[in-house]
Each structure stands twice: as structure tokens, then as C-alpha cells.
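S.K.: Structure for this input, please:
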Amino acid sequence: MFNRSAIPSISSILTRLGVKPRAKRSNCPIHRGDNGDALSFNDETGLWFCFRCGIGGDAISLVCRSLDCDFKRAIS
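M.R.: Numbering: from 1, shown residues only. Just a heads-up that it's a prediction; the model follows:
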């Protein structure tokens, strides 16, 4: 059985990546230096979407894309 509570919220992931989330919108950590609130996220569903590049996914994919790492590193 999948333990949803084991995955951190997108807000906490963004904070760890050095991005300050604001009211379900944030700078996209994939586009470092971007000043717009291109990233939309929902902590309840654990999903995100970047309106700048059209990429979205779950919390783990956000870590993978932001840190340019594989799944194994993202969950460690």
C-alpha cells in the first residue's frame, strides 16, 4: 500500500530548494532566476504545473527536475 504521508508537501520541497511559496504559486525552481510566479501547486493533491514551460507532475518529479537527479536520489 502506498503511504501518501511519507511524501513531503510541495510547499516544504520548494522551501528546501530555496524558493518561497506564496499562496499556491511560486517561482519555478527549474527556471532559476525567474521572477514570475510560473509554478502552480496543490499540497492536497501533491501536484504541480509550470505555466512557463508546460511541465507538471508530482512532488518527486519536481525534485528530480529541480536537482537534475534520478528517482532514487530524489527520495533519499
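S.K.: ok, residue 49 touching residue 56?
M.R.: Yes - the criterion here is CB atoms under 8 Å, and residue 49 meets it with residue 56 at 3.5 Å. C-betas here are computed from N, CA, C, even on glycine.
S.K.: give me phi/psi at residue 39?
M.R.: phi -90, psi 130 (degrees, to the nearest 10).
S.K.: My read is that it contacts residue 27, right?
M.R.: Yes - because the distance of 6.6 Å satisfies CB under 8 Å, residue 39 is recorded as touching residue 27.
S.K.: Tell me which of the two has more neighbours.
M.R.: Using other CB atoms under 10 Å, the more surrounded residue of residue 39 and residue 27 is residue 39, with 27 against 23.
S.K.: residues in contact with the more buried one?
M.R.: For residue 39, the contact set (CB atoms under 8 Å, 6 or more residues apart in numbering) comprises 14, 25, 26, 27, 28, 29, 48, 49, 50, 51.
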